[in-house]
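*Asks:* Need a 3D model of the sequence below.
(one chain, ligands or ions: 2)
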Amino acid sequence: MSKIPVVETFVDENPAKTNLLGMSQAVLAAFFVGLGEKPFRANQVMKWIYQSGVDDFYQMTNLSKKLQDKLARVATITPPTVKFKKFSEDGTRKWVFEVAGGSLVETVLIPADDNKQFGRKTLCISSQVGCALDCAFCSTGKQGFERDLSASEIIGQLWVANQSYMQDVPIAERQNMVTNVVMMGMGEPLLNYEPVVTSMQLMLSDFGFGLSKRRVTLSTSGIVPKMYDLAKDIDVALAISLHAPNDALRNELVPINKKYPLADLMAAAKAYVYDENPRHKKHVTIEYVMLKDVNDTDAHAHELVALLQDLPCKINLIPFNPFSHAPYARSSNNRIHAFSQILSQAGFVCTVRQTRGDDIDAACGQLVGQVADKTRRAQRWQQRVASHTTA
Ligand code: SAH
Ligand code: SF4
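*Replies:* Numbers count the residues shown, from 1 in each chain. Ligands and ions are numbered 1, 2, ... in the order given. Presented below is the predicted three-dimensional model:
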């Protein structure tokens, strides 16, 4: 399959200017009041930024020339810098962003199988540079952690992805093309709580991207206290990266389990689904990576059924995506099928994630970037790999 690498750069000409991208509606309204303007200007400008993909104040035709001049002097609309992008023939698109500090983070757009122009297009967004949690099967975790992304760097990933469809379309005819967002790129979103929630509010807002709440999913490895906060603060779909049906195995695969064990995680998941207001019933998906001979036996499937008995949820089985020197292998298709049959027979809706974007290294869980590790984990991992390769 052919790949079309294109280089593009966004230059922030004046870093002293205020970046309006990623500002919550309330903060933007306060910004306009501070300029001596009416707060409703925030709604107008948000529509230009998020719905029309406009980053030039002089194209915002419902603002006076005086206000356009004022904004151009003090403000900017600046997404993170696109270092390069790769578009695959199956419709998968990947962007590598260079964020302040020089690290690279990845964003991937995966279209529905039929790749129709107006079909489902799911964007997988990163929330941190690297990840501090070191799950045993995750290449992001092996790189260590550098820093949280800002709200402009998070929502900027979606803005740039939409831009890639809008570029040749007249402003009046523009519409957002990304239909679904999953916070499943690099990082643990609940450990970068406020910028992530602000970004998701902008995704849902009628003045923002206007996505439906069922089409925005946050994936977490199980930061229990923040799951309770999330239930109060925003209504989005939740994916829980479970990967093991008992504490002993989960401690090994997802080390944060030692801090927030399964009993606490299941209680938080139930609280998330059963909101006090029945109209706010929320959706939970359990994610389970299929690791050959590690967590994929019939006995594990039965244990999983017992664990999830009282939790209304869907289960998504993820075939393991191998990376260099990973200590695991992907379960066979037959094993994944047998495992899913046990779950389906117990009454769960169970899906198996299709791996897409392999040709541009864009499969989920393979988002690697380049992290200036502050934890020295990448170094330890490389030493371990070296000692294995020379042994
Ligand atoms: N930190 C969050 C979100 C990012 S990871 C979380 O852990 O949920 C997104 C998903 O990819 C998670 O379900 C994660 O467990 C899974 N994943 C990570 N590495 C993987 C790999 N090598 N193969 C398949 N899935 C992987
Ligand atoms: Fe971090 Fe998620 Fe990877 Fe675990 S699976 S190391 S939480 S990104």
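*Asks:* burial of V108, as a residue count?
*Replies:* V108 has 29 neighbours, counted by other C-beta atoms under 10 Å. Just so you know, the C-beta spots here come from the backbone N, C-alpha and C atoms, and that holds for glycine as well.
*Asks:* Can you verify it is assigned to a helix?
*Replies:* No. Assessed with DSSP: H, G, I helix; E, B strand; the rest coil, V108 is strand; it does not lie in a helix.
*Asks:* 756 is where my numbering starts, stick with that
*Replies:* Shifting the count to begin at 756 puts that one at V863.
*Asks:* Restrict stretch 995-1014 to CA atoms and write it as PDB.
*Replies:* What follows is stretch 995-1014 as a C-alpha-only set of coordinates in PDB (Å, rounded to 0.1, in the frame of the first residue of the first chain):
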ATOM      1  CA  ILE A 995     -11.900   0.300  31.400                       C
ATOM      2  CA  SER A 996      -8.700  -1.500  30.500                       C
ATOM      3  CA  LEU A 997      -9.200  -4.600  32.600                       C
ATOM      4  CA  HIS A 998      -7.000  -7.200  31.000                       C
ATOM      5  CA  ALA A 999      -7.200  -9.700  33.900                       C
ATOM      6  CA  PRO A1000     -10.000 -11.300  35.900                       C
ATOM      7  CA  ASN A1001      -8.100 -11.500  39.200                       C
ATOM      8  CA  ASP A1002      -5.900  -9.300  41.300                       C
ATOM      9  CA  ALA A1003      -2.800 -11.500  41.100                       C
ATOM     10  CA  LEU A1004      -2.600 -11.400  37.300                       C
ATOM     11  CA  ARG A1005      -3.800  -7.800  37.100                       C
ATOM     12  CA  ASN A1006      -1.100  -6.700  39.500                       C
ATOM     13  CA  GLU A1007       1.400  -8.100  37.100                       C
ATOM     14  CA  LEU A1008      -0.100  -6.800  33.800                       C
ATOM     15  CA  VAL A1009      -1.500  -3.400  35.000                       C
ATOM     16  CA  PRO A1010       0.600  -2.400  38.100                       C
ATOM     17  CA  ILE A1011      -1.800   0.400  39.100                       C
ATOM     18  CA  ASN A1012      -4.000  -2.400  40.300                       C
ATOM     19  CA  LYS A1013      -1.900  -2.700  43.400                       C
ATOM     20  CA  LYS A1014      -3.100   0.800  44.400                       C
END
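*Asks:* How far off centre is it?
*Replies:* 21 Å (C-alpha atoms, centre = their mean, to the nearest Å).
*Asks:* Most proximal residue of the stretch 1006-1146 of the chain with respect to ligand 2?
*Replies:* Taking C-beta to the nearest ligand atom, ligand 2 has its nearest neighbour within the stretch 1006-1146 of the chain at V1009, 6.3 Å off.
*Asks:* per-residue confidence at the residue of the stretch 906-1055 of the chain found nearest ligand 2?
*Replies:* Going by C-beta to the nearest ligand atom, ligand 2 is nearest to S976 of the stretch 906-1055 of the chain, at 3.7 Å. S976 is assigned 98 on the pLDDT scale.
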